[in-house]
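Engineer: build the 3D model from these lines:
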Amino acid sequence: MAEHRRGANLPSIGGFNRTVVLDAVRRSPDGLSRVELASRTGLSAQTVSNVTRFLIEAGMIVESGTVVAGRGKPRTILRLEPGSRYAVGVHVDPAVVTYVLLDLAGTVVASSTTSTPTADDPSEVVRTIGSAVDGLIADAGVDVDGVLGVGIASPGPIDVDAGIVVDPPFLPRWRDVPLRDALAEATGYPVLLEKDVTAAAVGEMFLAGESSARNFAFVYFGTGFGVGLVVDHEPVRGVGSNAGDAGHIMVDQRSLAGTPDGSGTRGEVGAAVAPDRLVRIARERGVALSGGGDAAGAVSPDGPVSSDGSVDAVNRAWDELAEAIADGDEAATTLAAEAGTVMGDAAVVIVNLLDIDRVVFGGPFWSRIASAALPAARAAIVGSPLLVPKHAVDVVESDRGADVAAVGAACLVLDAALSPRASGLLIRR
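Structural biologist: Predicted structure coming up:
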């Protein structure tokens with residue numbers, strides 16, 4: 001069972017105690033009584049009573065039945081009211097912008113997509129995304145006053161302090177786009193900006209609830225290859241909030257060897273598994289795929305660009321690769337397994353470095369080949385002769401699907417609003 005945050009009984013920090021209690025209820029799907037809340041949070045019975053009264057009046061928790069626990073008065077169970085608050089998540093990807101609306105429990109209640117706008121005119125980017133966010137909320141029939149904010153997951157690098165998308169690979173002309181503040185002004189909601197791999201890790205941690213692992217790596221395979229890290233229940237962001245670029249990790253590329261950066265079978269993991277390169281290899285091996293990723297296409301350790309400059313073509317071909325895997329095509333299945341093995345080899349470096357016991361694979365390109373890639377990645381990690389830790393390493397796939405970064409972006413908002421942080425208790429001068 002995950003550890004619950006501990007509260008305090010000082011009247012001056014009631015806001016912190018509310019998040020402590022709400023966090024405890026959120027992490028307990030079956031609900032908790034006031035007695036259990038006092039035990040888990042360390043708050044006094046009176047403080048729990050005051051806090052729960054406030055949360056009930058705010059509509060964020062509800063009384064839901066009673067339970068008899070020994071002698072005395074039956075205990076009233078308190079549960080989260082998912083429909084009381086919402087958060088919007090936006091994932092900016094070279095191929096598509098994905099939007100999701102999550103309720104307080106982290107359930108996706110609505111989603112949509114738009115084509116990724118060019119950043120020649122930053123104001124047009126803001127108008128496109130802002131309009132899509134407003135439409136998502138309106139179509140879901142959600143009270144705008146119940147929306148806590150908008151989270152944006154973007155490829156790095158980003159300037160999180162200034163709220164700027166700096167110059168991500170494969171987003172042409174997206175340079176120094178002031179997305180956070182402009183979108184906040186356009187929508188009227190608070191906006192958070194996060195790197196996509198970190199957003200995915202936050203979403204995985206937030207939605208796991210009681211089963212949340214203390215330490216894990218989220219191997220993110222989308223347009224690029226990255227790793228989001230969680231250590232001691234906290235995401236690792238780094239000084240500039242751009243941690244997670246892992247495409248340059250050197251591995252044995254095995255049957256995928258031959259990248260420009262390589263020497264023999266050694267090379268960068270990002271270059272080896274770049275989706276456009278894998279599409280080209282699949283076609284060379286006889287898998288029938290349409291445009292994107294041909295021999296003239298450029299390969300980068302950070303992601304795919306097809307010969308016509310369009311990631312859309314690669315994305316369409318990747319869908320066809322996924323269909324071939326589902327249909328049992330041997331060449332397609334073998335290729336996906338080879339990619340999983342190479343990614344697993346890279347993950348061993350992270351496991352050794354941080355001594356973690358859980359590796360989660362996910363992302364929009366990963367989810368479509370997971371049936372073949374995950375077993376190979378798991379075997380590469382747990383069977384690696386280079387693996388240092390002697391404890392078991394759990395290797396799993398995220399169940400958040402292809403929209404994991406957008407879901408994670410919305411979870412950033414929920415986490416910021418609902419998760420207690422001791423730093424909030426500091427007296428600032």
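Engineer: can you check the pLDDT for Ala313?
Structural biologist: If you check Ala313, the pLDDT there is 89.
Engineer: helix, strand or coil for it?
Structural biologist: The assignment at Ala313 comes out as helix when based on DSSP: H, G, I helix; E, B strand; the rest coil.
Engineer: for Ala405, same thing?
Structural biologist: Strictly by three-state DSSP, Ala405 counts as helix.
Engineer: same check on Ala201?
Structural biologist: Three-state call for Ala201 (three-state DSSP): helix.
Engineer: who's in contact with it?
Structural biologist: 216, 218, 228-230, 235, 408 (Cβ atoms under 8 Å, 6 or more residues apart in numbering). Yep, even glycine has a C-beta here, placed from its N, CA and C like the rest.
Engineer: of the residues you listed, which is the nearest to Ala153?
Structural biologist: Gly408 (6.0 Å; Cβ to Cβ).
Engineer: enumerate every residue touching the closest one.
Structural biologist: Contacts of Gly408 by Cβ under 8 Å, 6+ apart are 89, 151, 153, 194, 196, 198-204, 206, 400.
Engineer: JSON lines for those residues, including distance to Ser384?
Structural biologist: What follows is the contacts of Gly408, written out as JSON lines (distance: Cβ to Cβ, whole Å):
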{"residue": "Gly89", "distance to Ser384": "34"}
{"residue": "Gly151", "distance to Ser384": "35"}
{"residue": "Ala153", "distance to Ser384": "30"}
{"residue": "Glu194", "distance to Ser384": "31"}
{"residue": "Asp196", "distance to Ser384": "27"}
{"residue": "Thr198", "distance to Ser384": "26"}
{"residue": "Ala199", "distance to Ser384": "28"}
{"residue": "Ala200", "distance to Ser384": "24"}
{"residue": "Ala201", "distance to Ser384": "22"}
{"residue": "Val202", "distance to Ser384": "28"}
{"residue": "Gly203", "distance to Ser384": "27"}
{"residue": "Glu204", "distance to Ser384": "23"}
{"residue": "Phe206", "distance to Ser384": "30"}
{"residue": "Arg400", "distance to Ser384": "26"}
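Engineer: buried set for the helix or strand hosting Ile350?
Structural biologist: In the assignment (DSSP states H and E), Ile350 maps to helix 330-354. For helix 330-354, the neighbour count (16 or more other Cβ atoms under 10 Å) marks 331-351, 354 as buried.
Engineer: any stretches of the stretch 1-150 of the chain with poor pLDDT?
Structural biologist: Applying pLDDT under 70 to the stretch 1-150 of the chain flags residues 1-14, 69-72.
Engineer: show me where it has its strands.
Structural biologist: Taking DSSP state E, counting those that start in this stretch as the test, the strands found in the stretch 1-150 of the chain are 32-33, 61-67, 75-80, 86-92, 96-103, 108-115, 147-154.
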